[in-house]
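In: with the input below, show me the fold.
(chains A and B)
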Amino acid sequence: MSGPPGFALTDRARRVGAILLRHGYLARSSWIRIFDLMYWPLLQMIIWGFINTFLATQSSWVLRAGGLLIGAVLLWDVLVRGQFGMTLSLLEEMWSRNFANLFVAPLRPVEYALALMSLSVIRSLIGVVPAALLAIPLFAYSIFDLGLPLVAFYAVLTMTGWAAGLLMCAMLIRFGLAAESFAWASIFLLAPICGVYYPVATLPGWLQNIAWALPPTHVFEGMRALVLDGSFRGDLMTSAIALNLVYIAGSLAVFLFAFERARERGQLLQTGE
Amino acid sequence: MPPSGPVIEVEGLAKRFKTVTAVDGVSFAIFGGQITGLLGGNGAGKTTTISMLLGLLVPSAGSIRVFGEDMLRHRYRVLPRLNFSSPYVDLPHRLSVRENLMVFGSLYSLRHAAERIAELAEALELKDLLERKTGSLSSGQKTRVALAKALLNRPELLLLDEPTASLDPDTADWVRTYLERYARETQASILLASHNMAEVERLCADVLMMKAGRIVDRGAPNALVSRYGRHTLEDVFLDIARDRRHAGAPAEATP
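Out: Numbers count the residues shown, from 1 in each chain, chains lettered A, B, ... in the order given. The predicted structure is shown next:
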């Protein structure tokens, strides 16, 4: 597709690439930022690795599950890093007061959202892969043994991370840096509900209904089915992807709405508190 | 050749923020190939007007046409042809000057970004700064870098909000000289919001005087000075700011 200057597909791809380039330069200039991405997944993996080792001596269920908790924490981090990957990228622009420069250039909000999603994948891989690799020598657990289903789990959690990330970005655009703390903390609201470390059946009935409306629940239940019963639950993955598509569409609509509201309120020029 | 029609046409433009009216129904047209000044005190509505022209801010009422395109409906057709610089907006501090310019070169889909950056580095005396972190530069150096960013896409329309604010006289003079040359050589139009009367007198062929969100007068600097019976544009500015009327001064807004 082409048309007036800046409308060709190659131009759109270049603008998405420009945002990736900007964050690539930033990462290259500061190793501590890369280390920061890896730090929490590594720490979480080590803590849950030891908990798993201890519980395996106390519980036949955990023993049979062999590293289930480590797998859960690694997958949980895919979701968390996925969301953080988007909000952190947006916050970098707010901290550096660069928003107006970006959107006076012919960068569409949708292109910016696409760039944020791509950054989310890159950041989550940088964060989680080292922890997954270190779990092999430390706890004799390889999440890669899950095989192809791991790709499905990763895809579903990344998509949920995008949906949550878009919502948090919308909130940051709307409320500015005043919403920064909430942008970091909000994703953890899902942790007790979506059965990261325990089966959904553990939850009270009314909360189970909410849990099944969340795509990560399907992943963690699917992972337990795979590890404990050796069966891949395609039905769970299908419903998780369907839910994700609904959530991403809704979050993107909220993101675009927040962007337009910010244009009405003059918040693109002053993106601080 | 500058464009024959108006580069910017604004009609009844207004912006209200809850109870505050920042811009109150301004109308004006700016023609190609000239530098136009937007003068007014703090809170007069200059930055709000420029933000609406850039599409960063949605007007409450009125219309904006840039290069004949409706800015409210087709701003992505216009944005590749304009650019801006403002002291209220920064480039990322942790990126080097070259990295920042490369990023914006990609955002503007420049085919030969490296060559364009080299060209601007030469023209704006940035060659020695290209590998420096943007955050480590002095105010004057940052202003030159921001100007380089604003010129990357060879804009036909340049909107500059206080381009020499906080610069020492030498650097400010250097920037003004460069802008004069750019406008002359490229026939680009420049809209310049400023508090600096000497700057406006030197650069601008036409001046829009804003007060309380309205355009209260307009004309060439010399014409304004003689109309108000004053010696300098600063005196005219003070007359308008303090509601002092002189022979020939308009009693009401004359956009």
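In: use CA for all of it now, contacts and neighbours both
Out: OK.
In: report the buried residues of stretch B:133-140.
Out: By 16 or more other CA atoms under 10 Å in any protein chain shown, the buried positions in stretch B:133-140 come out as B:133-135, B:139-140.
In: mind listing which of those residues are in strands?
Out: In this view, the buried residues of stretch B:133-140 have no member that belongs to strands under DSSP state E.
In: redo those as JSON lines? Include pLDDT.
Out: Formatted as JSON lines, these follow (pLDDT from 0 to 100):
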{"residue": "B:133", "pLDDT": "96"}
{"residue": "B:134", "pLDDT": "95"}
{"residue": "B:135", "pLDDT": "94"}
{"residue": "B:139", "pLDDT": "86"}
{"residue": "B:140", "pLDDT": "85"}
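In: now for residue A:151, how many residues are close by?
Out: Residue A:151 is flanked by 12 other residues according to other CA atoms under 10 Å in any protein chain shown.
In: remind me which helix or strand it belongs to.
Out: Secondary structure assignment for residue A:151, by DSSP states H and E: helix A:148-175.
In: one more: residue A:44?
Out: Assigned by DSSP H and E, residue A:44 belongs to helix A:31-58.
In: pull out the buried positions in that helix.
Out: Within helix A:31-58, the residues scored as buried using 16+ other CA under 10 Å are A:34, A:37-42, A:45-46, A:48-49, A:52-53, A:56.
In: for residue A:152, give me its contacts.
Out: Counting by CA atoms under 8 Å, 6 or more residues apart in numbering or on different chains, residue A:152 makes contact with residue A:237.
In: I'd like to know which elements the worst-scoring helix or strand of chain A on mean pLDDT is packed against.
Out: Every helix and strand of chain A was ranked by mean pLDDT, DSSP states H and E. The lowest is helix A:60-65, at a mean of 72. With contacts taken as 3 or more CA pairs under 8 Å, 6 or more residues apart in numbering or on different chains; DSSP states H and E, helix A:60-65 sits against helix A:31-58.
In: near chain B at all, the helix it packs on?
Out: No. Helix A:31-58 lies out of reach of chain B by CA under 8 Å from any CA of the partner chain, never closer than 12.0 Å.
In: quick one on the thing from earlier: now, among the buried residues of helix A:31-58, which is nearest to residue A:101?
Out: Closest approach between the buried residues of helix A:31-58 and residue A:101, by CA to CA: residue A:34, at 25.7 Å.
In: check which helix or strand covers the closest residue in space to that closest one that isn't next to it in sequence.
Out: Distances taken as CA to CA, 6 or more residues apart in numbering or on different chains put residue A:27 closest to residue A:34, at 6.5 Å, once the chain neighbours are dropped. If you go by DSSP H and E, residue A:27 is part of helix A:9-28.
In: and that helix with helix A:31-58, angle?
Out: Compare the direction of helix A:9-28 with that of helix A:31-58 by axes from the mean of the first three to the mean of the last three CA atoms, to 10 degrees and you get 80 degrees.
In: mind listing what's buried in helix A:9-28?
Out: Of all the residues in helix A:9-28, those buried under the rule 16+ other CA under 10 Å are A:11-23, A:25-27.
In: could you check how far residue A:79 is from chain B?
Out: Distance of residue A:79 to chain B, given as CA to the nearest CA, to the nearest Å: 28 Å.
In: quick one, grab the pLDDT at that residue.
Out: As predicted, residue A:79 sits at a pLDDT of 95.
In: and it, what does it touch?
Out: A:124, A:157-158, A:160-161.
In: correct me, but residue B:211 touches residue B:239?
Out: No. The criterion here is CA atoms under 8 Å, and residue B:211 misses it with residue B:239 at 11.4 Å.
In: of those two, which one has the most company?
Out: residue B:211 (24 against 16).
In: tell me the contacts of the more buried one?
Out: By CA under 8 Å, 6+ apart, the contact list for residue B:211 reads B:40-41, B:44-45, B:240-241.
In: would you turn those into a markdown table with secondary structure?
Out: Output for the contacts of residue B:211, formatted as a markdown table (DSSP: H, G, I helix; E, B strand; the rest coil):
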| residue | secondary structure |
| --- | --- |
| B:40 | strand |
| B:41 | coil |
| B:44 | coil |
| B:45 | coil |
| B:240 | helix |
| B:241 | helix |
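In: now those residues as a markdown table including distance to chain A, neighbour count and pLDDT?
Out: Listed next are those as a markdown table, based on distance: CA to the nearest CA, whole Å; neighbours: other CA atoms under 10 Å in any protein chain shown; pLDDT from 0 to 100:
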| residue | distance to chain A | neighbour count | pLDDT |
| --- | --- | --- | --- |
| B:40 | 20 | 26 | 89 |
| B:41 | 19 | 17 | 86 |
| B:44 | 16 | 21 | 91 |
| B:45 | 13 | 25 | 92 |
| B:240 | 27 | 21 | 86 |
| B:241 | 25 | 16 | 82 |
